[in-house]
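In: coords please:
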Amino acid sequence: MNLHQSPYSRISIFCLLFFTAMLGLNTLCAQPYIEGGDTKHRFAQMYFSAEGQWQPSGGYFNYVDGGSTRSNSLSSRFSPRVHWGGMHFWGHADFYVAFELGGIRSQAGNTRYSYNSGVETGAKIYPWRLEKNALRPYLGVAWSAGDYAQTNTDIGNSADIDLMRLAALGGVSFQWDNFIIEAGARYIFDTKLRQWYTRTQSAEMDIPPTALTLGLKYVFDTTLPIEKYDQSGLAAKRKEDLTSRGAMSTFTLAVGPSGGFVVGAGSAYTQEKYPFASPVVNGAFFADMGIGYFFSDLELSANLILRNMNAGVSAFGLRQQQTRFSVALEVNKNLVNWNGFIPFVGVHFGRDAMRYAEQDGTNSAWEQFETKWLPGLTFGWDIRPSDVDWWLLRTNLRYTPGATMTVRGSTVALTNFEFNFIQFVMFPARIFN
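Out: Numbers count the residues shown, from 1 in each chain. The predicted structure follows:
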């Protein structure tokens, strides 16, 4: 990554397009779960929001100017963000993913630097559920995958520093009609990290721990239109008909945006040969696609999943590129259906084609390939208010601990954790039945 292009901007654009397509499938109305009671059709509502985040100046970074090492505080910043999430448990919980559209772009002496909080996922809990025309406090936690990078006019680009951090959240929300206005604050627990500002020099760096946010959400419903259909008995008749014809079990198609990260210490190869570079690659972004079969009686799904993950590291003329193309069979078992909220656990096993490419300065570029069978674990949940509808929304999280390559006798860690926040799952046969 450099100072002029971030993968998180591409993530935001893709998710905006995906959100627009999803929006077209749904009735645009705020969920009246207060008046209608705690039914499965009023369990959750989706939202899309715009937010501004302000972070005061503070912390410090290091750079070389005129042959001397200097330190400077990070500038204050205001960055726009977009959120994509859902209110769950009848107004008591908010699960979301946020994408920053811009971070710090500033300069100190001969050094330009950028600081982005990147992609963030989190959860907010409302002790008193969110209701219209009422102020409600919340507490929460968030995990973000951002980065810091700098360019020195004398020595070029420094190493990108991955800022994967945990933060505490707190604030208040107020809802009217289809809108929620929200003001909040965050506190990052771990702000210290190691910064290499030349190939041979490093020092401690500190990022500001606090930030303030102000945002506006637009909420819309994906499940309420099914309620009358269900309560009228038509859904039960449809299920009886599909069951009699053996059509409750059926093929599925799935697609959604996903993010991939490295969980763990990263690449031993990079730590040994290039200590100035990050051993953890920047987050990958890709389409998570699958074709499968849902076994209704067993509440079990088997899916052939396809993902193509690309990530890289750039530092002082060194460029590393990693690709992991995976085709796997995934089997998930639904645990319980609680008002249309269905958590599941599963396993996946697939064949991965992996590539590592490297170029250091003017040295010749080289690459290495490896294929292997990899097992992994899957967990997540479905939002399925109706057993007979032709689509549902799914969240997948996958961990593949063996996603590594052996390069020149050492280990390179590839993307091993995937987070697919909202995947659209379709049952094609039910459209025609």
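In: Could you pull up the contacting residues of residue 150?
Out: 3, 61, 63, 111-114, 157-158, 197 (Cβ atoms under 8 Å, 6 or more residues apart in numbering). For the C-beta atoms, the positions are set from N, CA and C on the backbone; glycine is no exception.
In: How about the secondary structure of it?
Out: Under the three-state scheme (DSSP: H, G, I helix; E, B strand; the rest coil), residue 150 adopts strand.
In: If it is in a bridge, with which residues?
Out: residue 113 (DSSP bridges).
In: Against residue 195, how distant is it?
Out: Per Cβ to Cβ, to the nearest Å, residue 150 is found 9 Å from residue 195.
In: Same check on residue 331?
Out: Where residue 195 is concerned, residue 331 sits at a distance of 44 Å (Cβ to Cβ).
In: of the two, who's got more company?
Out: residue 195 (20 against 16; other Cβ atoms under 10 Å).
In: Please pull up the helix or strand immediately following the strand ranked longest in the chain.
Out: Counting residues, the longest strand found in the chain (DSSP state E) is strand 341-360. Next helix or strand after strand 341-360 toward the C-terminus (DSSP states H and E): strand 366-383.
In: Need the contact partners of the helix or strand just after that next one.
Out: Per DSSP H and E, the first helix or strand lying C-terminal to strand 366-383 is strand 391-399. With Cβ under 8 Å, 6+ apart as the test, strand 391-399 has contacts from 25, 222, 254, 256, 258, 263, 288, 348, 376-384, 416-427.
In: re the thing from before, ok, of the contacts of residue 150, which one's closest to residue 302?
Out: Among those, residue 114 lies closest to residue 302 (Cβ to Cβ), at 43.7 Å.
In: what about the closest one, neighbour count?
Out: Neighbours around residue 114, by other Cβ under 10 Å: 20.
In: Check residue 367 too.
Out: 11.
In: For the stretch 1-150 of the chain, which segments count as strands?
Out: Remark: strands assigned in the stretch 1-150 of the chain by DSSP state E, counting those that start in this stretch are 45-55, 58-65, 68-74, 77-88, 93-100, 104-108, 111-125, 135-152.
In: got a markdown table for those, with distance to residue 310 and mean pLDDT too?
Out: Listed next are the strands of the stretch 1-150 of the chain as a markdown table, based on distance: least, Cβ to Cβ, whole Å; pLDDT from 0 to 100:
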| stretch | distance to residue 310 | mean pLDDT |
| --- | --- | --- |
| strand 45-55 | 27 | 85 |
| strand 58-65 | 28 | 86 |
| strand 68-74 | 29 | 85 |
| strand 77-88 | 22 | 83 |
| strand 93-100 | 18 | 85 |
| strand 104-108 | 25 | 76 |
| strand 111-125 | 16 | 85 |
| strand 135-152 | 16 | 87 |
